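Undergrad: I would like to see how this sequence folds:
(chains A and B)
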Protein chains: 2
Amino acid sequence: MTTLEEDLEDAARPSVTGEVHPGLRRARAWLSRAVEPGTVDFWRYVEDVDPVEAARRIRTGSAPDRIRALVGARAGQDETLADLRRAERCGARLVVPEDDEWPAFALHALTRATADQPHDPEHQAKRTKALVPPLALWVRGRARLDELTDRSVAVVGSRASTAYGEHVAGELGHQLAGRGWTVVSGGAYGIDAAAHRGALAADGPTVAVLACGVDRPYPAGNGALLHRIADAGLLVSEWPPGAAPHQHRFLVRNRLIAALTRGTVVVEAAARSGAQATAKRARDLGRPVLVVPGPVTSAMSVGCHELLRDQEGGARLVTSAAQVIEEVGGIGTDLAPPVERPTSPRDGLSDLAARVLDACPVRIGVSPERLASVAGCDVLEVLRVLPALELADLVQWTGTGWRLTPPPRPPGAAA
Amino acid sequence: MTTLEEDLEDAARPSVTGEVHPGLRRARAWLSRAVEPGTVDFWRYVEDVDPVEAARRIRTGSAPDRIRALVGARAGQDETLADLRRAERCGARLVVPEDDEWPAFALHALTRATADQPHDPEHQAKRTKALVPPLALWVRGRARLDELTDRSVAVVGSRASTAYGEHVAGELGHQLAGRGWTVVSGGAYGIDAAAHRGALAADGPTVAVLACGVDRPYPAGNGALLHRIADAGLLVSEWPPGAAPHQHRFLVRNRLIAALTRGTVVVEAAARSGAQATAKRARDLGRPVLVVPGPVTSAMSVGCHELLRDQEGGARLVTSAAQVIEEVGGIGTDLAPPVERPTSPRDGLSDLAARVLDACPVRIGVSPERLASVAGCDVLEVLRVLPALELADLVQWTGTGWRLTPPPRPPGAAA
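TA: The predicted structure is shown next:
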């Protein structure tokens, strides 16, 4: 067993194979555990000095004070080999930015957002809201991470969902997956689970981005579901195997759901909810925020309606998978069909014809003169429009006058 | 009994009392029956030559051809005295623009809109969509029309409403009326009726703008309701007593609902519905269009969601009477309270404190060193935030270590 220091030294030499050096991977494994993800200052340091050198300096105490303060008591620990072995045992791997399958294009939005944030640590965004890229991602499942997230949509919402919300999330998941879109969510109870299940039911891939280790079925009640997701899609986490789902980690995790996808759909959200937080991260990254409305009497839709009422938020109301795809798909290639409207023979009528039609009695036919008087027009005008109305089967001549054509007899009614 | 011609001649002389001359009122009664309301060209002619003179010229055949063509067979008829008597019998009156109670300010938006429309009759808006002022209004009830409509909101929606929509419309009607707003609607089944009933239940005034005579209980099933509205508020119509509710009249009527109110709330609307038409008239008049969302699985909310998705329509999502009033009320005077969010003791915590809190176990207390390792920070930092967490009753010292404070025992549980 090589020590971390030996691996780091080895990785510092030029690579010969073109593959990611195991020492570099181990360095990122160690760094991703040294400081809680979402810490802008730490990510910047690793970027600036390179991960192998960053790990070495922190281990030897030669890193700047502010970086050593961030690592604290973790500087002397090293669980990387245990982490990597534990990952391997459950079919997971550590994907690093140097890997081909790193979703570089999607996550570039986080890099850009980090560049926009002030360098003064005093004024840095709260870690739970910071838009900072992950140092590495633990990934469980067979598919390539970049391929699965390329055409993907986040479907998120309340854990305490209603039957309505679960129905809608399941339908959305099913239809998005059926049209070749990967459904990304958080693996939680309620809306998340319904969206994952809908995608799985369509034999589509789905990705759960977790706030704990990818070997850890959390929440426990979703254990079987998470196993199926790992089989058919991917489980993804910034935290190493075994990591516990601490509450603040969900908020840190949300930025990844927003960043990995082309847009975020919120299905049900209470007034104060993680789904709203994910929507805000998506908006901050310039990704469409799509919101499914619900009854105004439902507490579980209050957050959705607040998102839609916030005129600066730019959230868009959606009611179907087709409308979602129209927003996140390529321009002009994924247009939703317009809502179908019932048509009626009255639709094409001129104002005059409509008035004459309205003037026609239901039973007893009347003269054109009477029609003219009721419709408020000239007899000649009545005579001009009557043939068209008769052709459209809207009026009929009784032998003594004009009346409305009776509605068709219902089938089975006595003759 | 004076003839129409005698009355017109009498009205042409200068008034001495300052009251509206009965001949002028009779002229408008006759004009409002001569051509279907909503005809831009006719309204312009009456404005240009003055109502008494317009009636005289049409009667004597000296009006321009295009005007005589509009009147057609009705030119020779005169039912004004019968109309006025029939109105009187049911407690109604004809309100004309020359009356003090004419809602001149509200209806001025229609006058302005008419001025914007092309003068070329070939290119005139379809009568059912034309924004043209009424020539006169038949009003049944004791209140003054201008006073009742001054602070008013339209609440409209589908006739084939759901229990959800009726509940929401009733609540809106009740709360708007309770806050001193007049609820205006169309007296139809479904959402209209629920909104009127809600207002009446709050002992508030409500106005039904009808597409038939104000003496005619239509729809018949709303007869008792319309009577109560006439008692407590007003029934309003452009059509004379006895006029039938022809289908096209509903569309013509819709512009009045939009014009008389400060904003229009759509509660439930199918994909193709009159409520959407009213909303469009309100938008055309520059009045706020407010829309209540519903389940995306409900056909009766499809029209609402379409209005909200139309980004050029400017419709605003609302979920409560307070939000409606915020949109239609005076600027800054009628702000809705923000949606209440539950608060938690975690809210004010620093990032560090939240991480330490998350690191605390539920049962067995652990050392500050252990907390520092789990939270990824320095022991000194842990010792710095623990007192604050203990004061907030979030963590407790067990005698051997720190743990989360157990949740309060539910009342009635065994000690």
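Undergrad: residue ranges with poor pLDDT in chain A?
TA: By pLDDT under 70, the weakly predicted segments of chain A are A:1, A:14-17, A:120-125, A:330-345, A:409-415.
Undergrad: Run through the residues that contact the nearest residue to A:Ala202 once chain neighbours are set aside.
TA: Distances taken as CB to CB, 6 or more residues apart in numbering or on different chains put A:Ala177 closest to A:Ala202, at 4.0 Å, once the chain neighbours are dropped. Quick note: C-beta positions are derived from backbone N, CA and C, even for glycine. The contact partners of A:Ala177, by CB atoms under 8 Å, 6 or more residues apart in numbering or on different chains, come to A:Val183, A:Gly198, A:Ala199, A:Leu200, A:Ala202, A:Asp203, A:Gly204, A:Pro205, A:Thr206.
Undergrad: So which of those is the closest to B:Pro293?
TA: A:Gly198 (22.0 Å; CB to CB).
Undergrad: hang on, A:Ser152 packs against A:Ala258?
TA: No - judged on CB atoms under 8 Å, A:Ser152 makes no contact with A:Ala258 at a distance of 11.3 Å.
Undergrad: So A:Glu312: helix, strand or coil?
TA: Using DSSP: H, G, I helix; E, B strand; the rest coil, the structure places A:Glu312 in coil.
Undergrad: got a list of what the residue in the stretch 1-150 of chain A that chain B sits nearest to touches?
TA: Nearest residue of the stretch 1-150 of chain A to chain B (CB to the nearest CB) works out as A:Gly72 at 3.9 Å. Counting by CB under 8 Å, 6+ apart, A:Gly72 touches B:Ala372, B:Gly376, B:Cys377, B:Asp378, B:Val379, B:Glu381.
Undergrad: how about 6 Å then?
TA: A:Gly72 is in contact with B:Cys377, B:Asp378, counting by CB atoms under 6 Å, 6 or more residues apart in numbering or on different chains.
Undergrad: Check the gap between it and A:Thr60 for me.
TA: 16 Å (CB to CB, to the nearest Å).
Undergrad: any residues touching stretch A:353-371, and which ones?
TA: Contacts for stretch A:353-371 (CB under 6 Å, 6+ apart): A:374-375, A:379, A:382-383, A:385, A:389, A:394-395, A:398, A:400-404, B:246-248.
Undergrad: Pull out the buried positions in that stretch.
TA: Within stretch A:353-371, the residues that count as buried by 16 or more other CB atoms under 10 Å in any protein chain shown are A:353-360, A:365-366, A:368, A:370-371.
Undergrad: Can you give me the end-to-end span of that stretch?
TA: For stretch A:353-371, the separation between the terminal residues is 11 Å (CA to CA, to the nearest Å).
Undergrad: now stretch A:69-78
TA: In stretch A:69-78, first residue to last residue: 17 Å (CA to CA).
Undergrad: buried sites along it?
TA: For stretch A:69-78, by 16+ other CB under 10 Å, it's A:Leu70, A:Val71, A:Gly72, A:Ala73, A:Arg74, A:Ala75, A:Asp78.
Undergrad: ditto for stretch A:206-222
TA: For stretch A:206-222, the neighbour count (16+ other CB under 10 Å) marks A:206-219, A:222 as buried.
Undergrad: Spell out which parts of chain A neighbour chain B.
TA: Listed as neighbours of chain B in chain A under the rule CB under 6 Å from any CB of the partner chain: A:35-36, A:72-74, A:126-127, A:164, A:246-248, A:271-272, A:292-296, A:302, A:305-306, A:308-309, A:317, A:319, A:339, A:341-342, A:351, A:354, A:358, A:372-373, A:376-378.
Undergrad: Among the residues you listed, the buried ones, what's the ChimeraX command?
TA: A single ChimeraX command selects the buried members of the residues of chain A next to chain B (16+ other CB under 10 Å):
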select /A:35,36,72,73,74,127,164,246,248,271,272,292,293,294,295,296,302,305,306,308,309,317,319,351,354,358,372,373,376,377,378
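Undergrad: about what we covered before: so which of the contacts of A:Ala177 sit within helices?
TA: Counted as lying in helices by DSSP state H, out of the contacts of A:Ala177, are A:Gly198, A:Ala199, A:Leu200.
Undergrad: Near the closest residue to A:Glu390 other than its chain neighbours, how many other residues are there?
TA: Leaving aside its chain neighbours, A:Glu390 sits nearest to A:Gln396 (6.7 Å; criterion: CB to CB, 6+ apart). Around A:Gln396 there are 15 other residues, counting by other CB atoms under 10 Å in any protein chain shown.
Undergrad: which SS state does A:Gln396 fall under?
TA: Three-state call for A:Gln396 (three-state DSSP): strand.
Undergrad: hmm, back to that, report the buried members of the ones in helices among the contacts of A:Ala177.
TA: The neighbour count (16+ other CB under 10 Å) marks A:Gly198, A:Ala199, A:Leu200 as buried among the ones in helices among the contacts of A:Ala177.
Undergrad: so which of those residues comes closest to chain B?
TA: A:Gly198 (14.5 Å).
Undergrad: which SSE is the nearest residue to the closest one once chain neighbours are set aside in?
TA: Distances taken as CB to CB, 6+ apart put A:Gly173 closest to A:Gly198, at 2.7 Å, once the chain neighbours are dropped. Applying DSSP states H and E as the criterion places A:Gly173 in helix A:163-178.
Undergrad: Output that helix as CSV - backbone C-alpha positions only.
TA: Output of helix A:163-178 as CSV, limited to C-alpha atoms (Å, rounded to 0.1, in the frame of the first residue of the first chain):
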residue,chain,number,x,y,z
ALA,A,163,-50.9,12.6,-4.9
TYR,A,164,-51.3,15.3,-7.5
GLY,A,165,-47.7,16.3,-7.4
GLU,A,166,-46.5,12.7,-7.6
HIS,A,167,-48.8,12.0,-10.5
VAL,A,168,-47.5,15.0,-12.4
ALA,A,169,-43.8,14.3,-11.6
GLY,A,170,-44.2,10.6,-12.6
GLU,A,171,-45.8,11.6,-15.9
LEU,A,172,-43.1,14.2,-16.6
GLY,A,173,-40.4,11.7,-15.7
HIS,A,174,-42.0,9.1,-18.0
GLN,A,175,-42.5,11.4,-20.9
LEU,A,176,-39.1,13.1,-20.7
ALA,A,177,-37.4,9.7,-20.6
GLY,A,178,-39.5,8.4,-23.4
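Undergrad: Now do the buried residues in that helix.
TA: By 16+ other CB under 10 Å, the buried positions in helix A:163-178 come out as A:164-177.
Undergrad: Is it possible to get JSON lines of the residues you listed that adds distance to B:Ala54?
TA: Shown next, in JSON lines, are the buried residues of helix A:163-178 (distance: CB to CB, whole Å):
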{"residue": "A:Tyr164", "distance to B:Ala54": "57"}
{"residue": "A:Gly165", "distance to B:Ala54": "60"}
{"residue": "A:Glu166", "distance to B:Ala54": "64"}
{"residue": "A:His167", "distance to B:Ala54": "60"}
{"residue": "A:Val168", "distance to B:Ala54": "57"}
{"residue": "A:Ala169", "distance to B:Ala54": "62"}
{"residue": "A:Gly170", "distance to B:Ala54": "64"}
{"residue": "A:Glu171", "distance to B:Ala54": "59"}
{"residue": "A:Leu172", "distance to B:Ala54": "60"}
{"residue": "A:Gly173", "distance to B:Ala54": "65"}
{"residue": "A:His174", "distance to B:Ala54": "64"}
{"residue": "A:Gln175", "distance to B:Ala54": "60"}
{"residue": "A:Leu176", "distance to B:Ala54": "62"}
{"residue": "A:Ala177", "distance to B:Ala54": "67"}
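Undergrad: isn't there a strand covering A:Arg209?
TA: For the record, residue A:209 is Val, not Arg. Yes - residue state for A:Val209 (three-state DSSP) corresponds to a strand.
Undergrad: Counting by contacts, list what the strand or helix carrying A:Gln323 packs against.
TA: Counting by DSSP H and E, the element that carries A:Gln323 is helix A:321-328. With contacts taken as 3 or more CB pairs under 6 Å, 6 or more residues apart in numbering or on different chains; DSSP states H and E, helix A:321-328 sits against helix A:163-178.
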